[in-house]
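> got a structure for you, letters missing:
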């Protein structure tokens, strides 16, 4: 779709529309599409690439922008029988 929607789980890539593809194939397609992009260098950090691509896209990826680089804080379990890590 060209959007930054989807999720990689192991060797599968789950697209936002429900399709599942092979993750390495999906990554190779992304590299091919960005090969001649003047704003993206070959060894650019992935967070910078993400920022560039998000700035180009419509509001579809704005919800992802807030979560980039941030981890969700872990909540303590109310169930004391579960060992906390």
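Great, that's in hand. Keep in mind that this is a model prediction, so the values were computed, not measured.
> next, give phi and psi for residue 20.
Per-residue torsions, residue 20: phi -120, psi 130 (degrees, to the nearest 10).
> give me the number of residues near it?
12 (other Cβ atoms under 10 Å). (Glycine included, C-beta is placed from N, CA and C.)
> partners of it in the sheet?
Beta-bridge pairing for residue 20 (DSSP bridges): residue 14.
> show the average pLDDT along the helix or strand hosting residue 29.
Residue 29 is part of helix 23-34 when elements are defined by DSSP states H and E. Mean pLDDT, computed over helix 23-34, is 90.
> any idea which helix or strand comes after it?
helix 46-56.
> buried ones in that next one, by neighbour count?
By 16 or more other Cβ atoms under 10 Å, the buried positions in helix 46-56 come out as 49, 50, 53, 54.
> please apply the same query to stretch 6-20.
Buried positions in stretch 6-20, judged by neighbour count with 16+ other Cβ under 10 Å: 6, 13, 14.
> list the contacts of the last one.
It stands for residue 14. By Cβ atoms under 8 Å, 6 or more residues apart in numbering, residue 14 lies in contact with 6, 7, 8, 20.
> now it: how far from residue 24?
Distance of residue 14 to residue 24, given as Cβ to Cβ, to the nearest Å: 14 Å.
> likewise for the first one?
Noted for residue 6: a distance of 14 Å to residue 24, by Cβ to Cβ.
> distance of the nearest residue to residue 52 once chain neighbours are set aside relative to residue 53?
Among residues not flanking residue 52 along the chain, residue 39 sits closest, at 5.4 Å (Cβ to Cβ, 6 or more residues apart in numbering). Using Cβ to Cβ, residue 39 is found at 9 Å from residue 53.
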